[in-house]
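Student: any chance you could fold what I've pasted below:
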Amino acid sequence: MPSSRSKFSRKNLINLAEYVLLRSLLFLLRLLPYPVSRFIATSLVVGIGYGIGIRRKEASRHLERVYPHKSKAERKLILRRLYHNMGLIAAEVYLMPERKLISSSEISGREHIREALAMGRGALLATAHFGNWEAARVLPLSSIAVSVVVRRQRNTYFDRFNTAIREQHGAKVIDMRRGLRDIIAHLSNNEMVAILADQNAGSTGLIMDFLGFPASHWKGVAKLSLRYKVPIIPGFALRTEQGNLCFTFEPMIYHPDLEDNEENYVFILKQINSIIESYIHRYPEQWFWVHRRWKATGAMD
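Tutor: Below you'll find the model as predicted:
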C-alpha cells in the first residue's frame with residue numbers, strides 16, 4: 001500500500017510538472033508582440049473552453065434558466081463572448097505588459113471610496129466574478145490601498161506564482177480560510193478589503209435568491225459590516241466597449257444602526273445582490289457563468 005509520503009511526492013511532481021508547463025508556455029508567448037500573444041491566448045481559451053466544452057453545458061444551462069426569453073442564438077453569443085472574456089483575463093494577467101494594463105485602466109466613482117474611508121473604519125469592496133476582477137492588483141498605483149480575500153489554489157506552485165502577480169503593486173492577498181485577523185488589521189489601517197460576494201458558500205451559507213434562483217451566500221461581508229460598523233462599497237472591473245478596464249465603484253452600503261444578526265445579514269446581502277445582478281443583466285457576457293453558483297441548492301440541476 002503506497003505510503004502517504006509517496007502519495008505526496010507524486011502529487012507534488014504532478015503540480016510541479018503543470019507549473020513548469022505553464023511557465024514554459026508563458027515564456028514562449030511573451031516573446032511575441034502582445035497583440036499576437038493575446039490573440040493566441042483568447043483563441044486557446046475559446047477553442048478549449050467553448051469548442052471542446054469545459055463547463056459549457058453548465059454555463060449554457062445557467063443562461064437558459066436565467067434568460068428564457070432570449071433566443072438560443074442570443075444565449076450562444078453570450079456564451080462565446082464569455083469564453084473570449086476569460087481569454088482576455090488570462091492575457092491581461094499573464095501576458096500584458098504592466099504599463100499597458102495601467103494605462104488602459106480608469107476609475108469611476110472614486111468619490112464613493114473617499115466618502116467611505118473618511119469615516120476611518122476602512123471599507124469592504126463587495127465585488128464579483130465580473131469583467132476582469134484580477135486587475136484590482138493595480139489599484140494601489142492609484143492610491144487605493146486594497147487587500148483581496150482569496151481561496152488558495154490546489155497547486156501550491158500556481159498559488160505562489162499568482163500571489164506574486166497579485167501583490168506586485170502593493171495589494172495584499174488574504175487566505176479566506178483563516179483571514180479574519182488580517183481582514184480586521186487592514187480595515188483598522190483604513191484600507192479597503194475586497195471580497196467576492198458571488199461565491200457559493202455550500203451548506204453553511206444563507207440560502208437566498210441570486211438571479212431568480214436559490215443560492216448559498218457567504219455571510220462574511222454582511223457580518224463584518226454590521227459587527228465592526230464598516231461601510232461596503234460595491235465595485236467591479238468593467239470591460240468597456242473599447243476593450244479597456246473601468247474600475248467602477250457604487251455608492252456605499254452602510255447601516256451602522258442595524259443589529260448584528262442573521263435577519264440583517266439577509267437585508268445587506270439583498271442590497272449587494274441587487275447591484276451585482278444589475279451589472280450582470282447589463283453585461284451578461286462579463287459574468288462568470290461557468291461558476292457553480294447554485295451548486296449547494298441544486299437549483300440549476
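Student: burial count for the closest residue to Asn244 other than its chain neighbours?
Tutor: In space, and not counting its chain neighbours, Asn244 is closest to Ser104: 4.5 Å by C-beta to C-beta, 6 or more residues apart in numbering. Where C-beta positions appear, they are placed from N, C-alpha and C, glycine not excepted. Counted by other C-beta atoms under 10 Å, the residues lying close to Ser104 total 16.
Student: state the distance from Ser104 to Thr297.
Tutor: Separation of Ser104 from Thr297 (C-beta to C-beta, to the nearest Å): 38 Å.
Student: same deal with Tyr19?
Tutor: Tyr19 is 35 Å from Thr297, by C-beta to C-beta.
Student: if we can go back for a sec, for the residue nearest to Asn244, give me its contacts.
Tutor: Counting by C-beta atoms under 8 Å, 6 or more residues apart in numbering, Ser104 touches Gly243, Asn244, Leu245.
Student: which residues of the stretch 151-300 of the chain fall in strands?
Tutor: Ranges of strands in the stretch 151-300 of the chain, per DSSP state E, counting those that start in this stretch, are 172-175, 192-196, 206-210, 213-217, 232-239, 245-249.
Student: quick check: angle from the second one to strand 232-239?
Tutor: With axes from the mean of the first three to the mean of the last three C-alpha atoms, to 10 degrees defining the directions, strand 192-196 sits at 70 degrees from strand 232-239.
Student: which residues touch strand 192-196?
Tutor: 113, 117, 122-129, 133, 136, 144-149, 174, 183, 186-187, 218, 220-221, 233, 235.
Student: quick one: average pLDDT of it?
Tutor: For strand 192-196, the mean pLDDT works out to 96.
Student: and Ala126, that one's in a strand?
Tutor: Yes - looking at Ala126 with DSSP: H, G, I helix; E, B strand; the rest coil, it is inside a strand.
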